[in-house]
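Q: Any chance you could fold what I've pasted below:
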Amino acid sequence: MLRILEPEPREAAAFINTNRKRGLIAVFCICGGTYRGRAAADLPTGPYLILIKPDGSLLVHGSEKATPLVWNPPGSSNMAVVEGGTLVLKSLRTRPSESVVLKIERVFEIVLFDAGSSSVRLRGTEKDIVDMLVKNPDIIEPGLKVVGVEVPTEAGHIDILALDKNGEYIVVEVKRDVADHEAVFQLRRYVEAVAKARGRARGILVAADITSSAFHYLREYNLGFVKIRPRELAEKLLNKTEFEDTSIDVEK
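A: Predicted structure coming up:
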C-alpha cells in the first residue's frame, strides 16, 4: 500500500497517472465537478471520496448512501492534470459519450492498494433477474418473445424489449427492490421513445413491490406491473435448478 498526505497538485496528478492501472486509488479531497452524457449533473464543492479502479471505473461518493453521486463505468479513460494550479481529474467514455470532470481544491490523502481481483460474483442482482426473465419471458406475459436486452434509445437503455403475441412492442423495466414513481416515469419515457421509433408500444414494470405513488402513475399511464420475489429468483440461480418449479411466487 502506498499513501501520500496533503500532496501538491502536481504530486497528486503524477501519483494518480502513474498508479491508476496498478490498483485501487482512493482520494479523500475537497472537490466539485460535472457529469455530462446521457444526462447531466453538477457536483457541488464539498468533501468527497473518489475511487479510481484499474478497469477504468471512477466513482465519487459523499457521506451518505451506497451509490456514487457521479461515476463513469469500466472502460473509461482517466487522467489527472494541473490547470491553473488546480488539480483536475478527467474521466472520459466514448460509447456512449460520457464525461466526469472534477476540480479538486484540496487533497487530504491519496491511497493506493491492491484490492484483489473481482472473483466474487453477486447473485440476485438486477442483471441476474433480467437474465432469468430473458430466458423465461412468459413470467412477464405469456407469448412474449424477447428481441433485445439493454436496448439503446434516446431516453436511455431499455432492460428488455420484447414483442407480444400480436406483434406489439413491449418495454420491460426491471427493479430488484421496491419501485417508486421515478421508475414509472422512466418506463414511460422508454415506451414513448420506442413508440416514436418503431410504432405502438406498451410498458411493463417488473419489481419486488411498488409504492402507492408508483401504483397511481402506472394506472394513469396505462402501464403494466409484474410482482416477483427476487430472493427466490436468486435461490434458483444459486441452486441452478429449473425455473419451471412452481415454488416461485409471481404475482400480476
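Q: Is A207 in contact with V172, as I believe?
A: No. Counting by Cβ atoms under 8 Å, A207 does not reach V172; the two are 10.8 Å apart. Backbone N, C-alpha and C define where each C-beta goes, glycine included.
Q: So for those two, which sits in the more crowded spot?
A: Remark: of A207 and V172, V172 carries more neighbours, 26 against 23, as counted by other Cβ atoms under 10 Å.
Q: Mind listing the residues bridging to the more buried one?
A: I160, I204 (DSSP bridges).
Q: Could you pull up the contacting residues of it?
A: L133, I140, I158, D159, I160, L161, A162, G203, I204, L205, V206 (Cβ atoms under 8 Å, 6 or more residues apart in numbering).
Q: Quick check: the gap between it and Q186.
A: Distance, V172 to Q186, by Cβ to Cβ, to the nearest Å: 12 Å.
Q: what do you get for T67?
A: Taking Cβ to Cβ, one finds T67 at 16 Å from Q186.
Q: ok, the two, which is more surrounded?
A: Taking neighbours as other Cβ under 10 Å, T67 and Q186 compare with Q186 leading, 18 against 9.
Q: longest helix anywhere in this structure?
A: helix 181-198 (DSSP state H).
Q: which of the residues in that one are buried?
A: Within helix 181-198, the residues that count as buried by 16 or more other Cβ atoms under 10 Å are H181, A183, V184, Q186, L187, R188, R189, Y190, V191, E192, A193, V194.
Q: Could you dump the residues you listed into a markdown table and include distance to N19 and pLDDT?
A: Compiled in a markdown table, the buried residues of helix 181-198 are given as follows (distance: Cβ to Cβ, whole Å; pLDDT from 0 to 100):
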| residue | distance to N19 | pLDDT |
| --- | --- | --- |
| H181 | 43 | 89 |
| A183 | 39 | 89 |
| V184 | 44 | 92 |
| Q186 | 37 | 91 |
| L187 | 42 | 94 |
| R188 | 44 | 93 |
| R189 | 40 | 92 |
| Y190 | 40 | 93 |
| V191 | 45 | 93 |
| E192 | 45 | 93 |
| A193 | 41 | 91 |
| V194 | 44 | 91 |
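Q: Give me the local confidence score for K236.
A: Note on K236: pLDDT of 56.
Q: G148 now?
A: If you check G148, the pLDDT there is 89.
Q: host element of it?
A: strand 145-153 (DSSP states H and E).
Q: who does that strand touch, helix- and strand-wise?
A: Strand 145-153 is packed against helix 126-135, strand 156-163, helix 181-198, with contacts defined by 3 or more Cβ pairs under 8 Å, 6 or more residues apart in numbering; DSSP states H and E.
Q: Report the buried residues of it.
A: Buried residues in strand 145-153 (16+ other Cβ under 10 Å): V146, V149, V151, T153.
Q: what ranges do the helices span in the chain?
A: 9-19, 126-135, 181-198, 212-220, 230-239.
Q: Tabulate those (a markdown table), appending distance to T86.
A: What follows is the helices of the chain, written out as a markdown table (distance: least, Cβ to Cβ, whole Å):
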| stretch | distance to T86 |
| --- | --- |
| helix 9-19 | 6 |
| helix 126-135 | 38 |
| helix 181-198 | 35 |
| helix 212-220 | 43 |
| helix 230-239 | 45 |
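Q: which residue is nearest the centroid of this structure?
A: P73 (8.5 Å; Cα atoms, centre = their mean).
Q: List phi and psi for the closest residue to that residue other than its chain neighbours.
A: Spatial nearest neighbour of P73, chain neighbours left out: S57 (6.1 Å); criterion: Cβ to Cβ, 6 or more residues apart in numbering. Backbone torsions for S57, taken as degrees, to the nearest 10, come to phi -60, psi 140.
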